[in-house]
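Trainee: kindly return the folded structure for what I paste below:
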Amino acid sequence: MPYVNQILIVDDSPTIRRMVKASLAALSGPCEFVEAASGLEAIERLALGPIELMVLDLNMPDMHGLEVLKFVRGHAAFRLLPVIVLSSSDEEKDILRTYELGVNSYILKPTDFSEFTEAARQVGVYWLTLNQVPRNKSA
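Mentor: Residues are numbered from 1 along each chain as shown. Now for the predicted structure:
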């Protein structure tokens, strides 16, 4: 049975979620996309089953992305989950804080549609085809 990448896209904008999903779906290899419109929804979704990659916005209602990242890194079950922050914030304090909390990558959201699509595609190429992650996290 082929391996399916399960990707959680967390952003309060349905347009951004759709654009990330479309860019990543264009890559080879089967992907299953799960979407969350808020930080609380993301945490609820994590409890339901395995996620292989999280694309996380910072500025969201009800729970900031930093709080989601803190939750993820604070729980053994999610500690190894690759997390990519995709944010419109270019504030040094946000970038620094995400790395202090253990983010794997911080990407500034391009404002141009074609640049955004290309950035999301490059994220997918790296994280879904080049990067190796442990499949058996208990080994």
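Trainee: quick check: bridge partners of the residue nearest the centre of the chain?
Mentor: Closest residue to the average C-alpha location of the chain: Val55 at 1.3 Å, with C-alpha atoms, centre = their mean. Beta-bridge pairing for Val55 (DSSP bridges): Ile9, Ile84.
Trainee: test my guess that it contacts Val123.
Mentor: Yes - if you go by C-beta atoms under 8 Å, Val55 and Val123 touch, sitting 7.4 Å apart. (C-beta placed from N, C-alpha, C; glycine too.)
Trainee: quick one: common contacting residues for those two?
Mentor: 84, 86 (C-beta atoms under 8 Å, 6 or more residues apart in numbering).
Trainee: quick check: buried residues in stretch 92-104?
Mentor: In terms of neighbour count (16 or more other C-beta atoms under 10 Å), stretch 92-104 has its buried residues at 94-95, 97-98, 101, 103-104.
Trainee: typed the wrong thing, it's stretch 65-82
Mentor: Quick answer for stretch 65-82 (16+ other C-beta under 10 Å): 65-69, 71-73, 78, 81-82.
Trainee: where are the low-confidence patches of the chain?
Mentor: Scanning the chain for pLDDT under 70 picks out 1-4, 28-29, 135-139.
Trainee: so which residues make contact with the helix or strand where Met19 lies?
Mentor: Using DSSP states H and E, Met19 sits in helix 14-25. For helix 14-25, contacts defined as C-beta under 8 Å, 6+ apart pick out 7, 9, 11, 31, 33, 35, 37, 55, 57, 86, 109, 113, 116-117, 120-121, 123-124, 128.
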